[in-house]
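J.: Fold the following for me, if possible:
(4 chains)
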Protein chains: 2
Amino acid sequence: MTKAEEPVRERITRDRILQAGIELADVRGITGLTMRGLGDALGVEAMSLYNHVANKADLLSGMMDAVFAEVELPSHSDDWRTAIRKRSVSFHAALIRHPWSSALRDSATQSGTATLRHHDRVIGTFRNAGFSVALTAHAFSLIDSYIYGFALQEASLPLATEKQSADVAAAMMSQLPVAEYPYLAELTTDHVMRPGYRYGDEFTIGLDLVLDSLEAALSKQNSAS
Amino acid sequence: MTKAEEPVRERITRDRILQAGIELADVRGITGLTMRGLGDALGVEAMSLYNHVANKADLLSGMMDAVFAEVELPSHSDDWRTAIRKRSVSFHAALIRHPWSSALRDSATQSGTATLRHHDRVIGTFRNAGFSVALTAHAFSLIDSYIYGFALQEASLPLATEKQSADVAAAMMSQLPVAEYPYLAELTTDHVMRPGYRYGDEFTIGLDLVLDSLEAALSKQNSAS
DNA sequence: ACCTGAACACCGTTCAAGT
DNA sequence: ACCTGAACACCGTTCAAGT
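T.: Numbering: from 1, shown residues only, chains lettered A, B, ... in the order given. Okay, the predicted model is just below:
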């Protein structure tokens, strides 16, 4: 703030470390994220980071929580289906924006506050819509499993753009023994290689099927009482 | 086979390497699987492995394909729903038997032959039951996303046994600010901490909901023509 | 053809030392 | 309180050398 100061290197904080870690992992992949490289990116020695994070596992779980903080919470004013649908689309977008995050889910053993708040709101949305505790647990498990699994598969496929998708599919086809895998070949040529196809578009299709089944389960629960 | 031979160290093969890699990863976790450690387990120097696998990525994708080889293929004699359900339960079991495998999905860029055969058979099951090519793609994406995502979450939770589950949940609860996360607290105490609860049991509940929605989508497709 | 030892360029993390 | 340099015990992978 004072006028003629040198561009003083800003103080390092946990938050700045987490954000820099996310950027680095986005650009170089999760294996490209090293303590030394992260220190470099922040103009500091790797060892300084240990004043703000306990270790690399702590860094990763902090990054995961920061990703959750980017996800839109289900709105209180929408009905449950729209609220859950919106947050699911937002959740999926966050996982894809940070392609390393879906696979990281299994290393983050304890959740941060953004994650806990998010989970609480999702569960609350189901409960307030009349889902029993048990059905809420089923719904929560089903929908988040779908979202994580879809993002995991999408991240492993180099199918980001339509162009890429067609190219990769064509390359795959050229070395696929068509006679041995006739159905796979048909699906690839008649569906994946069609112009305009992007795997990411499948997300909302599956999501709507999941929401359909939850709606049916809710009706069944209500008529059973 | 000849009688009085020394216990000659068996010749190393790609297949033996993959099996030893799976065992090592099962026991020590995926980060505990190192080329040096794997060499040790096989009574050989790490560098010898490179005569049979191109590099560690090749090792991992070979291991992933070997996991797929353990999965029961959908039967031709069952109707589509039973066939897909059985193979899904078997798929889930394989992923949990090898807890590192679900997160690895995103590093295995090209699939091995067991994986391709498996996919072909699943796709064929849908096609022969009258699913259109597009609906088959949706169904395949939805069900495998669910299976991967569920396994990913299950692997990250230390909820293998009922006992563990209750203990972990109790530990979580004791440090959870209940006032801030009321719905999460309710779900934990009224559902997760109940005797006999195992998260793994949620798998078939969600799976049946997914199958319900696919059945409905198939009817809709057929009545639309 | 397959295996090895030594070496290279990395890792995460500790610890004592600096300011 | 925060940062650093040196060091430790690891990594994956190469390469020339052995058999």
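J.: distance between the helix or strand of chain A with the lowest mean pLDDT and the chain's centre?
T.: Of all the helices and strands that make up chain A, helix A:162-174 has the lowest average by mean pLDDT, DSSP states H and E, namely a mean of 77. Centroid separation between helix A:162-174 and its chain, computed with CA atoms, centre = their mean, to the nearest Å, is 24 Å.
J.: Tell me the first helix or strand C-terminal of that helix.
T.: helix A:182-187 (DSSP states H and E).
J.: who does that following helix touch, helix- and strand-wise?
T.: When contacts are defined as 3 or more CB pairs under 8 Å, 6 or more residues apart in numbering or on different chains; DSSP states H and E, helix A:182-187 packs onto helix B:113-128, helix B:133-156. The C-beta positions use only the backbone N, C-alpha and C, and glycine is treated the same way.
J.: hey, C-alpha coordinates of the longest one in CSV?
T.: Same thing as helix B:133-156. Output of helix B:133-156 as CSV, limited to C-alpha atoms (Å, rounded to 0.1, in the frame of the first residue of the first chain):
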residue,chain,number,x,y,z
VAL,B,133,-27.1,-47.6,-30.1
ALA,B,134,-27.6,-44.2,-28.5
LEU,B,135,-29.5,-45.6,-25.5
THR,B,136,-26.9,-48.3,-25.1
ALA,B,137,-24.2,-45.6,-24.9
HIS,B,138,-26.2,-43.8,-22.2
ALA,B,139,-26.8,-47.0,-20.3
PHE,B,140,-23.2,-48.1,-20.4
SER,B,141,-22.0,-44.7,-19.3
LEU,B,142,-24.5,-44.4,-16.5
ILE,B,143,-23.9,-47.9,-15.0
ASP,B,144,-20.1,-47.9,-15.2
SER,B,145,-19.9,-44.4,-13.8
TYR,B,146,-22.0,-45.5,-10.9
ILE,B,147,-19.9,-48.6,-10.3
TYR,B,148,-16.6,-46.7,-10.5
GLY,B,149,-17.8,-43.8,-8.3
PHE,B,150,-19.3,-46.1,-5.7
ALA,B,151,-16.1,-48.1,-5.4
LEU,B,152,-14.0,-44.9,-5.3
GLN,B,153,-16.1,-43.6,-2.3
GLU,B,154,-16.2,-47.0,-0.6
ALA,B,155,-12.4,-47.4,-0.9
SER,B,156,-11.9,-44.0,0.7
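J.: Buried residues in it, which are they?
T.: B:133, B:135-156 (16 or more other CB atoms under 10 Å in any protein chain shown).
J.: What is it packed up against?
T.: By 3+ CB pairs under 8 Å, 6+ apart, helix B:133-156 packs against helix A:133-156, helix A:182-187, helix A:202-224, helix B:80-97, helix B:101-104, helix B:113-128, helix B:202-223.
J.: if we go to 10 Å?
T.: Using 3 or more CB pairs under 10 Å, 6 or more residues apart in numbering or on different chains; DSSP states H and E as the contact criterion, the elements in contact with helix B:133-156 are helix A:101-104, helix A:133-156, helix A:182-187, helix A:202-224, helix B:80-97, helix B:101-104, helix B:113-128, helix B:202-223.
J.: same deal with the shortest one?
T.: Packing contacts for helix B:113-128, counted by 3+ CB pairs under 10 Å, 6+ apart, involve helix A:182-187, helix B:56-69, helix B:80-97, helix B:133-156.
J.: Ok, which of the helices and strands packed on helix B:133-156 comes nearest DNA strand C?
T.: Ranking the helices and strands packed on helix B:133-156 by their distance to DNA strand C (criterion: CB to the nearest atom of the strand) puts helix A:101-104 first, at 13.9 Å.
J.: ok, the closest one near chain B or not?
T.: Yes. Judged by CB under 10 Å from any CB of the partner chain, helix A:101-104 comes into contact with chain B at A:S102, A:A103, A:L104.
J.: Excluding chain neighbours, what is closest to the most centrally placed residue in chain A?
T.: Nearest to the mean C-alpha position of chain A, by CA atoms, centre = their mean, lies A:L95 at 2.0 Å. Once flanking residues are discounted, A:L95 sits nearest to A:A151: 3.8 Å by CB to CB, 6 or more residues apart in numbering or on different chains.
J.: Next, format the helices and strands packed on helix A:182-187 as JSON lines and append mean pLDDT and distance to DNA strand D.
T.: Below are the helices and strands packed on helix A:182-187 laid out as JSON lines (pLDDT from 0 to 100; distance: least, CB to the nearest atom of the strand, whole Å):
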{"stretch": "helix B:113-128", "mean pLDDT": "97", "distance to DNA strand D": "21"}
{"stretch": "helix B:133-156", "mean pLDDT": "97", "distance to DNA strand D": "20"}
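J.: Now tabulate these in CSV and tack on distance to DNA strand C.
T.: As requested, the helices and strands packed on helix A:182-187 are exported to CSV (distance: least, CB to the nearest atom of the strand, whole Å):
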stretch, distance to DNA strand C
helix B:113-128, 21
helix B:133-156, 18
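J.: circling back: format the helices and strands packed on helix B:133-156 as CSV; extra columns: distance to B:G21.
T.: CSV is the format used below for the helices and strands packed on helix B:133-156 (distance: least, CB to CB, whole Å):
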stretch, distance to B:G21
helix A:101-104, 19
helix A:133-156, 20
helix A:182-187, 26
helix A:202-224, 32
helix B:80-97, 14
helix B:101-104, 11
helix B:113-128, 15
helix B:202-223, 26
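J.: Out of those helices, which gets nearest to A:S77?
T.: Closest to A:S77 of the helices and strands packed on helix B:133-156 is helix A:202-224 (CB to CB; 18.3 Å).
J.: What is the closest one packed up against?
T.: helix A:80-97, helix A:133-156, helix B:133-156, helix B:202-223.
J.: and chain A, which of its residues are near DNA strand C?
T.: Residues of chain A lying near DNA strand C by CB under 7 Å from any atom of the strand: A:L33, A:T34, A:M35, A:R36, A:G37, A:A46, A:M47, A:Y50, A:N55, A:K56, A:A57.
J.: Of those residues, grab the buried ones for PyMOL.
T.: Here is the PyMOL selection string for the buried members of the residues of chain A next to DNA strand C, based on 16+ other CB under 10 Å:
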select buried, chain A and resi 33+35+56
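J.: Adding secondary structure, pLDDT and distance to DNA strand D, write the residues of chain A next to DNA strand C out as TSV.
T.: TSV is the format used below for the residues of chain A next to DNA strand C (DSSP: H, G, I helix; E, B strand; the rest coil; pLDDT from 0 to 100; distance: CB to the nearest atom of the strand, whole Å):
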residue	secondary structure	pLDDT	distance to DNA strand D
A:L33	coil	97	16
A:T34	coil	98	12
A:M35	helix	98	10
A:R36	helix	97	9
A:G37	helix	97	14
A:A46	helix	96	8
A:M47	helix	96	4
A:Y50	helix	97	7
A:N55	coil	96	14
A:K56	helix	96	13
A:A57	helix	95	17
